[in-house]
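Participant: need a 3D model of the following:
(one chain, ligands or ions: 1)
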Amino acid sequence: MDKETKDLRVLALFTHVFCAAHHAEHVRAPVALELPKTSSYRYCADCADFLRYAIERRRRCPLDPRPSCKHCEVHCYRPGHRERVREIMRYSGKALIKRGRLDLLWHYLF
Ligand SMILES: [Zn+2]
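Facilitator: Presented below is the predicted three-dimensional model:
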């Protein structure tokens, strides 16, 4: 699996953890993401839209080697997107530390 796919899988997992905690009252369903081992994750419509957008932008990143998005000049994301990524990473990162899943944090995305 390449690094991009690995990173996107972490984002898919983190969004799933975040959505379960914050949007449990919404209808949540599996989403076809074309990423390995993500078929059991469930998302509300909003988080599914967020994730599809994030994956599409990341797959289309024109920069090679890709810099960390934090240090990027292109700013390809729509307004509010990076803030949302940050919120999800912060929340789910903490939740996973509490559950002892530090291994999932090594490949940090943004
Ligand atoms: Zn959600």
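Participant: pretty sure His16 is touching Tyr41, no?
Facilitator: Yes: using Cβ atoms under 8 Å, His16 is in contact with Tyr41, at 3.8 Å. Backbone N, C-alpha and C define where each C-beta goes, glycine included.
Participant: can you list the residues of this structure near the ion?
Facilitator: Neighbours of the ion within the chain, by Cβ under 5 Å from the ion: 19, 23, 44, 47.
Participant: inside helices: which ones of these?
Facilitator: Judged by DSSP state H, the residues of the chain next to the ion include 19, 47 as members of helices.
Participant: farthest pair in the residues of the chain next to the ion?
Facilitator: Pairwise distances among these were taken by Cβ to Cβ; the largest, 6.5 Å, belongs to His23 and Cys47.
Participant: quick one: Met89 from Val10, how far?
Facilitator: 9 Å (Cβ to Cβ, to the nearest Å).
Participant: run through this protein and note the low-pLDDT ranges.
Facilitator: By pLDDT under 70, the low-scoring segments of the chain are 102-110.
Participant: distance of the residue nearest to the spatial centre of it from the ion?
Facilitator: Taking Cα atoms, centre = their mean, the centroid of the chain lies closest to Leu11, which sits 2.2 Å from it. Noted for Leu11: a distance of 13 Å to the ion, by Cβ to the ion, to the nearest Å.
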